[in-house]
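Student: dropping a prediction and its sequence here:
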Amino acid sequence: MEDELLPSTPGKGKIERSHTINRQFHRCFASTGNMFLWALFLIALIACYLSFESFAGISSRYFRASWGGMRLEKQIRASATPRRPGAISVLVTGAAGFVGTHVSLALRKRGDGVVGLDNFNSYYDPSLKKARKALLASHGVLVVEGDINDARLLARLFDVVPFTHVMHLAAQAGVRYAIEKTSSYPAVVRPARRSPTPTITSTASPSRGSASSPSTGHGDAPTWPTSPSPATSSRKPITVYRGKNHIDLARDFTYIDDVVKGCVASPDTAQKSTGSGGQKRGPAQYHIYNLGNTSPVTVPTLVRILERHLKVKAMRNVVEMPANGDVPFTHANIRTALAELGYSPATNLETGLKRFVKWYLSYYGYNPARGTLASSAATKASKSS
């Protein structure tokens, strides 16, 4: 090719040789085949770019639609704004759940800013969760519908509000169901690793639910029906699990008001963050507090108390607890919670169940003449507390 660039008649002149890049360029396009391949490559590159732009646009529009836009962001900021000096701003996961609703109300009552997050799954009657959402809204607490595994949603929430605390109460109810439907929960931690770093309070219940909420259907306690057609009207048997050798399971059932006291007090013990912007200056504060009633009661005793207050005999289906079930006995040691949180349970199982039955029959519309419950529960949101 270099020979072709020289003059045909020697001595008439000299043509300067092209720069190295120009020579390479000419080599690439020296043949029609090479030019055709380059054309195909450019067309493919443009097509990929346009496809990506289209996908990104659709994804962005979908996220904006599901997110709710500026109107939702304004509502989130308003809900997260503290009402008193020195108050905290808290993101409560599982806010439409039983414990989450009561903790959110308690935080709001004392003047803290609260934003809830819940996926409203259908493990038990979603209408009850919707009623709790309406109750929280009436107290100025917004509950965003979304999943804690949605990292993009969580990041957006933290972009809108610099939460000082996260109350992580979201969990899958039901021991064996939770084992089968295992989810990954670190997504709620990742967006929290920013500056300033919020305090994260996470809870678990060794008693598998409070004494005032047997209707949550935990597998190691009687599975009292959770739909608006309970055992008192349909006469379906309830499953009562026993340990090996016919040993009755015992639980340290704890009333919801006592659980809330401990949950609300725990963030107040948090010290200043030991890291920011991904840099760690010292070991993070890490405390474990046991919250319980300190008075274990067997599951058959729980059933008998409910029978007495419901005035109906339960049909029991007594079976041995599966190997993947829960522990046969729980008894909380609350010494640290008492010393550091001032935690002291005040409601026993008998009192708690009596209050629960009164609410349950009122909420689901008990008809004493027929001895049945109404078919709808969503109309009495104000009683869901």
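Tutor: Here it is on my side, so go on. Given the structure is predicted, the values throughout are model-derived calculations rather than measurements. Numbers count the residues shown, from 1 in each chain.
Student: now the strands for the chain?
Tutor: 89-93, 113-118, 142-145, 165-168, 199-202, 238-242, 250-251, 275-276, 279-280, 297-298, 316-320, 366-367, 372-373 (DSSP state E).
Student: out of those strands, the one nearest Glu340 is which?
Tutor: Nearest of these to Glu340, taken as CB to CB: strand 199-202 at 13.4 Å. Quick note: C-beta positions are derived from backbone N, CA and C, even for glycine.
Student: in that closest one, what counts as buried?
Tutor: Thr199, Ile200, Thr201 (16 or more other CB atoms under 10 Å).
Student: just stretch 80-90 next, same as before
Tutor: Quick answer for stretch 80-90 (16+ other CB under 10 Å): Ala80, Pro82, Ile88, Ser89, Val90.
Student: and stretch 349-368, by the same measure?
Tutor: Buried, per 16+ other CB under 10 Å, within stretch 349-368: Leu349, Gly352, Leu353, Arg355, Phe356, Val357, Tyr360, Leu361, Tyr363, Tyr364, Tyr366.
Student: which pLDDT value belongs to the second one?
Tutor: With respect to pLDDT, Gly352 has a value of 94.
Student: do you know how far it is from Leu310?
Tutor: 15 Å (CB to CB, to the nearest Å).
Student: for this protein, what helix or strand is lowest in average pLDDT?
Tutor: helix 231-234 (a mean of 37; mean pLDDT, DSSP states H and E).
Student: that older thread, of the buried residues of stretch 349-368, the lowest pLDDT goes to which?
Tutor: Lowest confidence among the buried residues of stretch 349-368: Tyr366, with 67.
Student: can you list the domains in the chain?
Tutor: 18-62, 69-203, 204-271+288-385 (automatic domain parsing).
Student: Met70 is nearest to which of the strands of the chain?
Tutor: Closest among those, using CB to CB: strand 142-145, at 14.5 Å.
Student: need the helices for this structure, in chain order.
Tutor: Counting by DSSP state H, the chain has helices at residues 20-28, 32-67, 69-80, 98-109, 126-138, 151-160, 175-180, 231-234, 256-265, 299-310, 335-341, 349-363.
Student: low-confidence ranges in this protein?
Tutor: By pLDDT under 70, the weakly predicted segments of the chain are 1-36, 49-68, 174-197, 203-235, 273-280, 284, 324-326, 366-385.
Student: what sits against Arg108?
Tutor: Arg83, Val114, Leu136, His139, Gly140, Val141 (CB atoms under 8 Å, 6 or more residues apart in numbering).
Student: among those, which ones are buried?
Tutor: Val114, Leu136, Val141.
Student: I'd say the second one and Gly116 touch.
Tutor: Pointing back at Leu136 there. Yes. Leu136 sits in contact with Gly116 when judged by CB atoms under 8 Å, with a separation of 6.3 Å.
Student: touching both of the two, which residues are there?
Tutor: By CB under 8 Å, 6+ apart, the residues touching both Leu136 and Gly116 are Ala95, Ala96, Ser104, Leu142, Val143.
Student: run a quick neighbour tally on the closest residue to Pro267 other than its chain neighbours.
Tutor: Among residues not flanking Pro267 along the chain, His165 sits closest, at 4.8 Å (CB to CB, 6 or more residues apart in numbering). Neighbour count of His165, defined by other CB atoms under 10 Å: 23.
Student: is His165 bridged to anything, and to what?
Tutor: When assigned by DSSP bridges, His165 has beta-bridge partners Val90, Thr199.
Student: next, the contact list for Thr298, please.
Tutor: Thr298 sits in contact with Asp248, Leu249, Ala250, where contact means CB under 8 Å, 6+ apart.
Student: would you mind measuring from Val92 to Asp258?
Tutor: 18 Å.
Student: these two: which is more packed in?
Tutor: Val92 (32 against 22).
Student: my read is that that one contacts Gly116, right?
Tutor: Yes. Contact criterion CB under 8 Å: Val92 and Gly116 qualify, at 5.0 Å.
Student: what touches both of these two?
Tutor: Gly100, Ser104.
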